[in-house]
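with the input below, show me the fold.
(chains A and B)
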Amino acid sequence: MMLLGAVLPIVFVILFGLFFFITVKIGKKYLTIKITHWLLLVYVGVLVLASVTVPLFAQEHGNIKSVQEKDDHDEMNDPYSQLYSKLSNGEVAEIDSSYLQEERNFEHYSNKSISIVPNTINGPQVFVERKEKADATIEVAIYSTGLVVDELDFSSLLKPSEVELTDNILTINSIYQEFNFAIAGNGYPVRQFTGETMFEHHSFRSGDSFVYLRIPSGIEIEGNIDALQLIN
Amino acid sequence: MSLTTTSLVETVKNQYFYKLKANIDSFSSLVGIQSLAMLFSLGGVGSSGFSGGDISVNIKYYSSDMIFVFTMIWAFITAITITTKPYRNYDFTFVTNRLSSSLANVLFLGSAGLLGAITSVLSGNLLQIISALFMDEQLYHLSGGSSHYILGILTTFFYLFLISSIGYFIGTLVQISKVFVVIIPVLFIGTLFFQAFSLKEKEPFFWNMIQFYTTETTVSLFILKAVLTTVAFFTLATSVLNRLEVKR
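Now for the predicted structure:
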């Protein structure tokens, strides 16, 4: 695919050169008229065919929805601040379910201590809440602010951070993800009247991730505690 | 003395269809110039991206902007070309006068503008298919439905017709005197520099002229502005051509 992508401009140049050669050399003979008519007919035909089939080539939107982004400058209301504020206050029940990426439980945990090892460089922020009961279950909830680009919500493409429990070590790692999107918008004269902008005011939500752990009472937390946010 | 009489409408109609055939090469140059614009647009008309944490996002934006600009240039050059002597000599195939010739030219430029507008808007779709097929990218649409196609074709047509009328007027002036070949570019570039070097911090005159049309967000008002300007330029050009001697 990439090779074809590299070759395509060359093919275009050759085709354009051929077209130019035919137009100039055979110039004003009758044959030109026929070629030009055919050229026009084929060109318009290809354009019409492209217009009919372009929805088939675009990605199925599926879970990709259009969302209306609020003013980015309103820091108190942006998803990151809201999510961070609620998680740091332990107000998990008030968090919109759309931010929840994954929930899982590690049951029958019998160790007296747990070592939580988060990836402190690029990984998610980790919040730890102590439960009031000793139910031997470690609850894990992974939240994400979502990935939104120019009002298209790509959150469903995001993979949640990996949380693994081996003996008494709970490791948290995020997965490196690279996305290459092509966004096709309206051409110029249309944008003039719809008020769309293509080169300014892009809206991004960068998919920040948070891990919220609920640890049974009586289990001692070990490891790099400074990297964790303990909920009182 | 001829006993055959012919009406202006009939003459204009005959000339119009003749010009469509005679100037067919301008349509093949339209295909060429739009293909070239598509080639330049393959890398996207803009890009942005961000990375943070373990996420990296690259976004390319595709639209038919470049194709629109190239089509405008084509319309401008086509309008100038049909005012040149070889093309004007085609008129003498028929019983004609300057008025019928000019009206046929206006009709031809209108037809060319319509074809240019349709192909310009539709070629954006071909560009998207090429990018989806040959580039390693996930393509998403932000463009609207059929109403945007109609809006695009309509407004592009008026832009092309407007630029054609300007080209036709300039071409006509050049036919009067070759001095205009120098005067017009000097006036154009001169006003840009004059405004830049003047003490008053004003935007260049031509920039204000362009903004008069490009900042209009109401379709009907834009069409009104474009039509009035187009009529003015074509009327001026026709009246100037009427003053030319026969076969000049």
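
and the helix or strand where A:Tyr212 lies, anywhere near chain B?
Element membership of A:Tyr212, judged by DSSP states H and E, is strand A:209-215. Yes - on the criterion Cβ under 8 Å from any Cβ of the partner chain, strand A:209-215 is in touch with chain B at A:Ser209. Just so you know, the C-beta spots here come from the backbone N, C-alpha and C atoms, and that holds for glycine as well.

from the contact counts, what lies against that strand?
Applying 3 or more Cβ pairs under 8 Å, 6 or more residues apart in numbering or on different chains; DSSP states H and E, one finds that strand A:209-215 contacts helix A:79-88, strand A:113-118, strand A:125-130, strand A:138-144.

most packed of the ones you listed?
Highest mean neighbour count among these (mean count of other Cβ atoms under 10 Å in any protein chain shown): strand A:138-144, with a mean of 22.

which residues sit against the strand holding A:Tyr212?
Strand A:209-215 is contacted by residues A:83-84, A:87, A:92, A:101, A:114, A:116, A:118, A:123-131, A:138-145, A:160-161, A:163, A:170, A:172, A:174, A:221, B:53 when judged by Cβ atoms under 8 Å, 6 or more residues apart in numbering or on different chains.

residue ranges with poor pLDDT in chain B?
In the predicted model, chain B carries pLDDT under 70 at residues B:1-5, B:92-95, B:136, B:143-144, B:195-203, B:244-248.

how about chain A?
A:1-17, A:19-34, A:58-77, A:120, A:198-203, A:232.

break it into its domains for me.
A:2-57, A:65-231 (automatic domain parsing).

which of these sits most buried?
Scoring the domains of chain A by mean count of other Cβ under 10 Å, the most buried comes out as domain A:65-231, with a mean of 16.

briefly note if the helix or strand encompassing B:Phe17 comes near chain A.
Assessed by DSSP H and E, B:Phe17 sits inside helix B:8-22. Yes - using Cβ under 8 Å from any Cβ, helix B:8-22 reaches chain A at B:Lys21.

just the C-alphas of that helix, formatted as CSV.
Output in CSV follows, covering the C-alpha atoms of helix B:8-22 (Å, rounded to 0.1, in the frame of the first residue of the first chain):
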residue,chain,number,x,y,z
LEU,B,8,-29.6,38.2,-32.9
VAL,B,9,-30.8,35.2,-30.9
GLU,B,10,-30.2,32.8,-33.8
THR,B,11,-26.7,34.2,-34.5
VAL,B,12,-25.7,34.0,-30.8
LYS,B,13,-27.0,30.4,-30.7
ASN,B,14,-25.1,29.4,-33.8
GLN,B,15,-21.9,31.1,-32.5
TYR,B,16,-22.3,29.6,-29.1
PHE,B,17,-22.4,26.1,-30.4
TYR,B,18,-19.6,26.8,-32.8
LYS,B,19,-17.5,28.2,-30.0
LEU,B,20,-18.2,25.1,-27.8
LYS,B,21,-16.7,23.0,-30.6
ALA,B,22,-13.9,25.4,-31.5
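
show me where chain A has its strands.
A:65-66, A:100-106, A:113-118, A:125-130, A:138-144, A:147-149, A:152-153, A:162-166, A:169-173, A:177-184, A:204-206, A:209-215, A:220-222, A:228-231 (DSSP state E).

among these, which comes closest to B:Phe108?
strand A:177-184 (33.0 Å; Cβ to Cβ).

which helices and strands sit right next to that closest one?
Using 3+ Cβ pairs under 8 Å, 6+ apart, strand A:177-184 is in contact with strand A:147-149, strand B:55-62, helix B:98-134, strand B:138-141.

as TSV, the ones you listed with distance to A:Tyr43 would be great.
Below are the helices and strands packed on strand A:177-184 laid out as TSV (distance: least, Cβ to Cβ, whole Å):
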stretch	distance to A:Tyr43
strand A:147-149	33
strand B:55-62	20
helix B:98-134	7
strand B:138-141	22
